[in-house]
Structures are given as structure tokens and as C-alpha cells.
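Asker: got a predicted structure here, sequence first:
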Amino acid sequence: MKNNINVMNKIVCFSFFLVAFFSCKHHENEYHSITDKIEAESKDYHGTSISSEAYIGEIQTIEITEGDHTFLIPERKSQIKSYACTECHSKPLSQMKSKDLKKAHWDIKMDHANANTMNCVTCHNPDNMDDLKSLTGNEIDFNTSYNLCNQCHTKQFEDWKGGAHGKRIGGWAPPRASMTCVNCHDPHKPHFESRWPASFNTQKVKERE
Amino acid sequence: MSNNNKKWFSLNLGRKEKTSSGSCSCGKTSGGCGSSSDSHHMTDEAFNEAAIHASIGEERTKDGFEQVFDVKMDRRSAFKKLTASLLIGAGAVSTSCSVISGDESKEKAQIDWEEQFKGNYKLMTDKEKEGTVDRLVRSYQLRTGKNISMSSKNAEEDVLFGYAFNISKCQGYMDCVNACVEENNQDRNSQMQYIRIHEMKDGKGFNFNEADDNYYHEVPAEGHFYMGTQCFHCDNPPCVEVCPVQATWREDDGLVVVDYDWCVGCRYCMAACPYDGRRFNWSKPEVPEAEINHNQHYLGNRMRKKGVMEKCTFCVQRSRAGKNPACVEACPTGARIFGNLLDPDSTIRWVLENKKVFRLKEDLGTEPKFWYFMD
């Protein structure tokens, strides 16, 4: 008899603890805030079966690693019509500037920083036209031209690496593919013109009359 | 009617006091419309009694079944009603069972029958979900001769969708608004739009009262900035709490969705949403056949009907397939960032952890999963 009571006691105690344990968690408002929830639930994140690879489409990409970030950017050289530059730039630049040669690149007007800061050879390498060059004269490949931009635009570069600046290609899921600087900004004239909005709601105007 | 005797409060805005005691609002001067002279002598209690009786009458004592069947009516009208309801029922049965009517109309009737009596999508098993989606696709095919693809894809595990909006990048182009309308098959006549872009004056803060969400001039306008709002997919959504029929709920991947076939159109959710995120179909939504987006999801951009609520679903038909919502894809400035909040390597997580982010009306505790940030 005493044994029975003991067992009963144990069962009651156990179930009490069980209820107490479970009632703290499992409720819908388990977390104090969404940030707590994100933090807790992403701890054992193993990835998803969803992939955005198919949506990158026909864009050729190259993989880059900058700091902690590894992602894809569009390949550039094949998109430049007159690449390789050395197909025309066979002579040193000083000779090509002579008057009896046909003019080229006449349509490019520099509107980037001011004349004290930048001219063509700030980025283009007069000794090897197929490559770009850094401020200190190091060669930079056309495919990784963001390395030119980030010499001055360091903040934008940080944001771009993390994904806060620039546009994503394809979808949200891995693998990440992002536009690089020159896919949106013309390096010779990097700002955007104002334009008209794409939409105007005439019904809204009527409703608010 | 004297003012002391009024049983309700009225504002009397710009209305003249009625001076003639012999006439009432119905315009009659003699004979009375029922309230002219009698109400003066009524006690409060008697008035209440009469008012209740007039408004709900016998329903006070009778239950639902009795309300319908236990009514006084003559034989003629009783027969009329019986015959009418019998005809309706027989019509439905005969179309589905008849030998004469074509297979297609039979199938149509069968589909309509099953659709009419299906349950709430939230409670359906995966098989039932597939069933209703198949029926809707077939029904569309029978009615229009066109094929659509409709998905009933469930929330993926380890996914919680989140959105970030860069207010220093948005230029107010409104490409997102157009892309959204086209993607989600929204009604073209009423020009319903899920997204609003508010043009705000610099130096005035987030002042929605003074902001303009329907501007038409070259953008970005001098001295202004732009801020987009849409459904924020709250983690603690007040719209879900108030729905009397549970036609709207929060999915496991954080999307707040609506079952258009379960919605009764009471618009409680519209009133409960502190962000003006929900829209109502006042008329039958119409989309030109050529512009219909055929890639649909049951909870997303499938064709709606008149009198139901709808809203941004983060393009569930796209996001659950790994694509970005249409607004994100259309934005030429990269101001819109979308991703999986549970993936520590996702860009949305980087934004949340490294930029100074905020949300609208954070103090309400609605926990919207839509953050704003600046460069």
C-alpha cells in the first residue's frame, strides 16, 4: 500500500514537472520578439531544398570572394563590344592620338568626379589597354572592375558585399548572384537621370475628390 | 420632436432645428408616421421594447431553424417557395446526373458542387489541396479554353521570409507597382494596388499625412524621399486575430495569406491592419485575357471574385519557388531586398545585422517582417 502511494506521488511529481517544462515553451508566443525568434530558429539551419540557380538564366557569371562573402557576378569581358582593346590599340596611346588616325570613343564624355580627380588613365591602363589599373598602378581585370570603384567608394563596396547595395540576379535562395557596379552605373557617367514614374492611379484621384 | 426626448445622439451639422411640432422627418403633417405624437407619451422602457421588437422581432425567442420554418405564410407562397428551392436542387442534381447534358457541363456542375462544399484551405491535407487546385485549373480550362498552372506548394522548412527596403535608394519610379499588378492579376478597372510609394518631404520625418502616394512628375523630386508600404507580413498579425471565419492566417514561412474561397468579405482584417496593407474587391476583378499571369498559386495570384479581401503575399507563387517577388525583381535601384531570415548567410540577414534598421509602428507588437534602412 505504501509503495503504491509512493509510486503515485512520483507520477504526480513527474507529470507536474512535465507540464511546467512544456508550458514555458511551445506556446505560439514563444519568443519575446521576432529577432529572438530569428536568432533561435536559425541556430540549427541546414539550408533548404529551394535553389535560385535556374533563375540566373543565360547570364554568364564568375565567382568572387571578397572578405567573408563569396558570390557570383556577371562576367564582363564578353559583354564589351570592342574587347579586346588591343585589337585597335596596337600602338602606344601618344601615337594613336595623332590627327591622321580615325577618331574613336568620341561619344564618351566623362562625368565622374572632376577633372582634378579623374581622367581616362585614372582607371584605364595606357600601357596595357586590355586591363584596368589601380591608383597605384596594379593591374585590374575588366571582370573584377569593382576593385577600381572600391578605391574611393568604400562604403558602397561594404554594402554591396553584404547585399545592401545593388541588385540581386535570379532569386533570393542560394546561390547568390548580384549585379556588379558597372551593370547599373556607367563608369564614365555613374549618376542616374530623373524620369517619370511608371504608374499613375487615376482611380485613386477620383476616389479622393 | 423635442430634443429632450431623443434616444440617440446626433451631430446636427448644418441642419436647421425643426420648429414645427406637427410634422416629422417623413414630411407628413397629419395621420402621423408612427413617431410624431405617440413617442411623446412613451416611457423609456416601452420605447426600448418597441425598438427591439421592430428590429429583431421574433428572432429573440426563436432559434435559427425555427426562424426559417416556423413562419406564418399562406399556402400559396409556401408552395411557391418549396417549388423554387426544389427546382434549384433538382437542377444541380440533374445537370450532374443527366444523360442528355454534355460531359463538359456535367463536369462543370460536379466541380462547382465540390468547390462549393470544400473546406478551409488551412485545414486541408496535401491531397485535398491538390484536389481543389486541380478542380480550379480544370474549371478555368472548361470555361475559357485556356490552361493555367496553379500550385499548392506548402511552406518550406527552415524558411522565414523577410523584406528590407532602402529608403535612401528608392527614387519613386513605381516600377514595382506595375510589376505587382501584372504579376498578381489585380483588377484593372478599380486600379487596385498592393504597393504604395509615399513621397515624403525632406526634414518632415515619416509624415504619412503630408506624404503623397499618387504623384505624377519627374522623380526623384527635389527635396523629397520615397518610402514604399505594402503588407508587412507581421509575425503577430492583428488581421488574423480578428477574422471571424479564419480565412486568413500566418503560414510557417511567415507569409500571411488569405483563402479567397473561405473569406466572407466582412473587412474586419482591413480595419485591424495598422499599415493599410489589405485591399477589398468591390467589383468583380477583371483582367484582360492576354495579360493574365498563368503561373498561379492557390494562396497567391489566382483569379479572385467579388467581395473578398486580398493583399500582398510576397508573391507566394514566386517566393516559394525560389524567385524574388515581382517588386524586388522590377526595382531598378536595388532598394528592395528579400530573403530567408533563418539563413545566417543571406543578404537580408546581413542588412538586419549591419545596417540601422527600423520598422513602422514597432511599439504595437505586430512584429512586421518588413524593415526599412538607409545607406
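Answerer: Nice, I can see it. Numbering: from 1, shown residues only, chains lettered A, B, ... in the order given.
Asker: which single residue of chain A ends up nearest chain B?
Answerer: A:G163 (2.6 Å; C-beta to the nearest C-beta). Glycine gets a C-beta too; all of them are placed from N, C-alpha and C.
Asker: ok, that residue - contacts?
Answerer: Applying C-beta atoms under 8 Å, 6 or more residues apart in numbering or on different chains, we find A:G163 in contact with A:176, A:178, B:337, B:346-348, B:350-351.
Asker: residue contacts, B:R143?
Answerer: Each residue near B:R143 by C-beta under 8 Å, 6+ apart is listed here: B:K108.
Asker: which of the three states applies to it?
Answerer: Following DSSP: H, G, I helix; E, B strand; the rest coil, B:R143 is assigned to helix.
Asker: and the stretch 101-250 of chain B, which residues reach chain A?
Answerer: For the stretch 101-250 of chain B, the residues in contact with chain A (C-beta under 8 Å from any C-beta of the partner chain) are B:156-160, B:162, B:164, B:166, B:169, B:171-175, B:177-178, B:181, B:189-191, B:193, B:197, B:213-220, B:235-236.
Asker: make it 6 Å
Answerer: For the stretch 101-250 of chain B, the residues in contact with chain A (C-beta under 6 Å from any C-beta of the partner chain) are B:156, B:158-159, B:173-175, B:177-178, B:190-191, B:214, B:216, B:218-219, B:235.
Asker: export the contacts of A:G163 to TSV and tack on secondary structure?
Answerer: Output for the contacts of A:G163, formatted as TSV (three-state DSSP):
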residue	secondary structure
A:R176	coil
A:S178	strand
B:I337	strand
B:S346	coil
B:T347	helix
B:I348	helix
B:W350	helix
B:V351	helix
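Asker: ranking those residues by neighbours, who comes first?
Answerer: Neighbour counts for the contacts of A:G163 (other C-beta atoms under 10 Å in any protein chain shown) peak at B:I337, which has 30 neighbours.
Asker: just to revisit the earlier point, B:G265: which of the residues of the stretch 101-250 of chain B next to chain A is nearest?
Answerer: Ranked by distance to B:G265 (C-beta to C-beta), these are led by B:S190 at 14.8 Å.
Asker: SS state for that closest one?
Answerer: Three-state call for B:S190 (three-state DSSP): coil.
Asker: tell me the pLDDT of it.
Answerer: Looking at B:S190, its pLDDT stands at 93.
Asker: residues in contact with the closest residue to chain A within chain B?
Answerer: In chain B, the residue that lies nearest chain A is B:T347 (2.6 Å; C-beta to the nearest C-beta). When contacts are counted by C-beta atoms under 6 Å, 6 or more residues apart in numbering or on different chains, B:T347 touches A:163, B:337, B:339.
Asker: next structured bit after the lowest-mean-pLDDT helix or strand in chain A?
Answerer: Here the helix or strand of chain A ranked lowest by mean pLDDT, DSSP states H and E is helix A:2-24, holding a mean of 65. Once helix A:2-24 ends, the next helix or strand along the chain (criterion: DSSP states H and E) is helix A:34-41.
Asker: so which bits of that next one are buried?
Answerer: Buried residues in helix A:34-41, counting neighbours by 16 or more other C-beta atoms under 10 Å in any protein chain shown, are found at A:34, A:37-38.
Asker: so which of those residues also contact chain B?
Answerer: A:34, A:38.
Asker: adding pLDDT, write the buried residues of helix A:34-41 out as JSON lines.
Answerer: Formatted as JSON lines, the buried residues of helix A:34-41 follow (pLDDT from 0 to 100):
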{"residue": "A:I34", "pLDDT": "93"}
{"residue": "A:K37", "pLDDT": "94"}
{"residue": "A:I38", "pLDDT": "94"}
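Asker: tell me the contacts of the spatially closest residue to B:H198 that is not a sequence neighbour?
Answerer: Nearest in space to B:H198, with sequence neighbours left out and distances taken as C-beta to C-beta, 6 or more residues apart in numbering or on different chains, is B:A211 at 3.9 Å. The contact partners of B:A211, by C-beta under 6 Å, 6+ apart, come to B:198-200.
Asker: residue numbers of chain A in contact with chain B?
Answerer: Within chain A, the positions adjacent to chain B are A:34, A:38, A:41-42, A:45, A:48, A:50-52, A:55, A:162-164, A:166-167, A:171-173, A:194, A:196-201, A:203-204 by C-beta under 6 Å from any C-beta.
Asker: how many neighbouring residues does B:L364 have?
Answerer: 14.
Asker: so the residue nearest to it when sequence neighbours are not counted is in which element?
Answerer: Of all residues not flanking B:L364 in the chain, B:P274 sits nearest, at 5.8 Å (C-beta to C-beta, 6+ apart). In the assignment (DSSP H and E), B:P274 maps to no helix and no strand.
Asker: next SSE downstream of the helix or strand that contains B:R135?
Answerer: Using DSSP H and E, the element containing B:R135 is helix B:126-144. The helix or strand immediately downstream of helix B:126-144 is strand B:149-151, counting by DSSP H and E.
Asker: mind listing the helices for the stretch 151-300 of chain B?
Answerer: Secondary structure of the stretch 151-300 of chain B (DSSP state H, counting those that start in this stretch): helices located at B:175-183, B:238-242, B:268-272.
Asker: who's in contact with stretch B:114-128?
Answerer: Outside stretch B:114-128, the residues that reach it (C-beta under 6 Å, 6+ apart) are B:132, B:135, B:249, B:259, B:262.
Asker: and these, which two are furthest apart?
Answerer: Most distant of those, by C-beta to C-beta, are B:R135 and B:W249, 21.7 Å apart.
Asker: per-residue pLDDT, the residue nearest to B:H198?
Answerer: 95.
Asker: distance check, it against B:Q193.
Answerer: For B:A211, the distance to B:Q193 (C-beta to C-beta, to the nearest Å) stands at 16 Å.
Asker: check B:L123 too.
Answerer: For B:L123 relative to B:Q193 (C-beta to C-beta), the value is 31 Å.
Asker: so between the two, which is more surrounded?
Answerer: Between B:L123 and B:Q193, counting by other C-beta under 10 Å, B:Q193 is the more crowded of the two (25 against 10).
Asker: which ones are touching the more buried one?
Answerer: By C-beta under 6 Å, 6+ apart, the contact list for B:Q193 reads B:V177.
Asker: repeat the analysis, applying 8 Å as the threshold.
Answerer: Counting by C-beta under 8 Å, 6+ apart, B:Q193 has contacts A:199, A:201, B:177, B:180-181, B:186, B:279.
Asker: of those - the most surrounded one?
Answerer: Neighbour counts for those (other C-beta under 10 Å) peak at B:V177, which has 25 neighbours.
Asker: thought it was touching B:C170?
Answerer: No - with contact defined as C-beta atoms under 8 Å, B:V177 does not count as touching B:C170 (11.8 Å).
Asker: mutual contacts of those two, please.
Answerer: B:I197.
Asker: can you flag which of the residues of chain A next to chain B belong to strands?
Answerer: Counted as lying in strands by DSSP state E, out of those, is not a single one.
Asker: give me the low-pLDDT residue ranges for the chain?
Answerer: Let's take chain A. Within chain A, the ranges that satisfy pLDDT under 70 run A:1-3, A:13-14, A:16-29.
Asker: should've been chain B
Answerer: Using pLDDT under 70, chain B drops low at B:1-44, B:48, B:51-71, B:92-101.
Asker: residues touching the residue positioned nearest the centre of it, list them.
Answerer: Residue closest to the average C-alpha location in chain B (C-alpha atoms, centre = their mean): B:M309, at 1.3 Å. For B:M309, the contact set (C-beta under 8 Å, 6+ apart) comprises B:247-248, B:258, B:260, B:263, B:265, B:267, B:269-270, B:278-281.
Asker: among those, which one lies nearest to A:K109?
Answerer: A:K109 lies nearest to B:R279 out of those, by C-beta to C-beta, at 46.4 Å.
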